[in-house]
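Participant: Based on what follows, work out the 3D shape:
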Amino acid sequence: MSETTGSASDFEDLMAKFLTWAALQGWTIDLSVSTVVSGRQSALSKSTCFTQFRWGTTIGTVVSMHQSTGFTGGVQSGLHPGDSGNGFNTSTSTTDANLDNERCLDQIGNGPFPSYYFYTNATGDYLHVVAERATDSFIHFGMAVGIDKFGDWNTMSGGAYAYGQSFFAATNSVGAASQFLFDGGATTDGGTNDSKIRGATIRLAGAPGQSGSGVWGEICGIRATAALADHAGNERARVLGGYRGGMLPRAFGNFPAGNSSGLAPLTPIALWYNNIAANPDRIYLLGFMKDVRMLDLTYFAPKNTFTLGADTWRVFPIGRRAEGATAGNTDFLGVAYKV
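Facilitator: You can find the predicted model right below:
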């Protein structure tokens, strides 16, 4: 595992530094920062993980993210082969005005970014990013060629994922409409389901009960949501869990961590496949996010580190470590990255 840190003058500077670093980890830069229509875009890939970014000039605080099964030069983000189907820009519209309806880095702003932290492992299997968008206020995004699989997934294959993070300006960001680190929100805005439009996606094929032509799972926080299709119209599988979903955060998420308490209960971020074709539904544990954990930040300050055995961890709030209904506040919900 390794940590790279620095600062960036604006989002384009952050993205340029991220792409330069990603290339050093063995990723292919399919598209350096380039102009598209009235905005900008970039793309990178490794193995079966293809991720694209797009940001506009009319909505400077929003960056859309897209995941696909391939890359074609000269094609706009959201329209690449096997696109996962998140957001309006993946269908008939590819305009800046719809960027805030994507899986996105919502409310990220244009900097300057006082600090950023890039994380990967020795083989560059994942790229996890934490950007300080304002003093002690953070946003997370990333992608990977796979998760730490549980067993052999039976007959399932895949694992490449991409995730962004959505804040909502009017509410405390731990509310149901927010999404980050593999989880999605519930319906909050007149019928648009935020988990399906803004949520993370993972490549998944051959799961019991999964549509034969489907290669995507949509990661959502609740079981009741109906599935959406990918860009080609194939049904996406339902994947549960993430930072706030599933049994693990419910069981272990309320134990406060800190040097003063002597506790550091690190909870894995797990994903579960929900086979809705079975009656009753059946749930399968897919695996865990590599080298990232949940923890309660009651006794930790942002960017603190602690050591357990041979491992050092750095902690961040999922947004801003503050209580109350102010936009961006995320109470003591924390994330630990292995340094």
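Participant: next SSE after the longest strand anywhere in the chain?
Facilitator: Assignment by DSSP state E gives strand 282-299 as the longest strand of the chain. Counting by DSSP states H and E, the next helix or strand C-terminal to strand 282-299 is strand 305-308.
Participant: what's the angle between the helix or strand following that following strand and strand 282-299?
Facilitator: Using DSSP H and E, the helix or strand that follows strand 305-308 in sequence is strand 311-317. On the basis of axes from the mean of the first three to the mean of the last three Cα atoms, to 10 degrees, strand 311-317 is oriented at 80 degrees to strand 282-299.
Participant: on contacts alone, who are the packing partners of strand 311-317?
Facilitator: strand 137-144, strand 282-299, strand 305-308, strand 333-338 (3 or more Cβ pairs under 8 Å, 6 or more residues apart in numbering; DSSP states H and E). Using the backbone N, CA and C atoms, a C-beta is placed for each residue, glycine as well.
Participant: My guess is G6 contacts S115. True?
Facilitator: Yes: G6 is within contact range of S115, at 7.3 Å (criterion: Cβ atoms under 8 Å).
Participant: Please enumerate the helices of the stretch 51-200 of the chain.
Facilitator: With DSSP state H, counting those that start in this stretch, the ranges of helices along the stretch 51-200 of the chain come out as 194-198.
Participant: what are the ranges of the strands in the stretch 151-300 of the chain?
Facilitator: 157-163, 165-166, 179-180, 187-189, 192-193, 201-205, 216-219, 237-241, 256-258, 267-275, 282-299 (DSSP state E, counting those that start in this stretch).
Participant: Tell me which of the ones you listed lies nearest to D96.
Facilitator: strand 165-166 (17.4 Å; Cβ to Cβ).
Participant: I'd like the average pLDDT over the closest one.
Facilitator: Strand 165-166 carries an average pLDDT of 84.
Participant: same question, stretch 269-279
Facilitator: Across stretch 269-279, the average pLDDT comes to 89.
Participant: ok, now stretch 287-296?
Facilitator: Per-residue scores along stretch 287-296 average to 93.
Participant: same check, this time on stretch 116-128
Facilitator: On average, stretch 116-128 scores 97.
Participant: got any ranges where the stretch 101-250 of the chain has weak pLDDT?
Facilitator: 154, 168-171, 176-177, 184-196, 221-227, 250 (pLDDT under 70).
Participant: Would you mind giving the strands of the stretch 151-300 of the chain as a markdown table with mean neighbour count added?
Facilitator: Formatted as a markdown table, those follow (neighbours: other Cβ atoms under 10 Å):
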| stretch | mean neighbour count |
| --- | --- |
| strand 157-163 | 23 |
| strand 165-166 | 26 |
| strand 179-180 | 30 |
| strand 187-189 | 14 |
| strand 192-193 | 17 |
| strand 201-205 | 25 |
| strand 216-219 | 30 |
| strand 237-241 | 26 |
| strand 256-258 | 20 |
| strand 267-275 | 22 |
| strand 282-299 | 20 |
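Participant: Dump those strands into CSV; add distance to Y119 as well.
Facilitator: Listed next are those as CSV, based on distance: least, Cβ to Cβ, whole Å:
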stretch, distance to Y119
strand 157-163, 14
strand 165-166, 15
strand 179-180, 15
strand 187-189, 31
strand 192-193, 30
strand 201-205, 19
strand 216-219, 20
strand 237-241, 20
strand 256-258, 19
strand 267-275, 14
strand 282-299, 7
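Participant: Turn the helices and strands packed on strand 311-317 into JSON lines, including distance to N172.
Facilitator: Listed next are the helices and strands packed on strand 311-317 as JSON lines, based on distance: least, Cβ to Cβ, whole Å:
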{"stretch": "strand 137-144", "distance to N172": "13"}
{"stretch": "strand 282-299", "distance to N172": "15"}
{"stretch": "strand 305-308", "distance to N172": "27"}
{"stretch": "strand 333-338", "distance to N172": "11"}
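Participant: looking at those, which is closest to I202?
Facilitator: It's strand 282-299; of those, that one is closest to I202 (Cβ to Cβ) at 7.9 Å.
Participant: just to revisit the earlier point, which elements pack onto the longest strand of the chain?
Facilitator: strand 126-134, strand 148-149, helix 247-252, strand 256-258, strand 267-275, strand 311-317, strand 333-338.
Participant: can you redo these as JSON lines with distance to K46?
Facilitator: Shown next, in JSON lines, are these (distance: least, Cβ to Cβ, whole Å):
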{"stretch": "strand 126-134", "distance to K46": "9"}
{"stretch": "strand 148-149", "distance to K46": "17"}
{"stretch": "helix 247-252", "distance to K46": "28"}
{"stretch": "strand 256-258", "distance to K46": "32"}
{"stretch": "strand 267-275", "distance to K46": "20"}
{"stretch": "strand 311-317", "distance to K46": "24"}
{"stretch": "strand 333-338", "distance to K46": "19"}
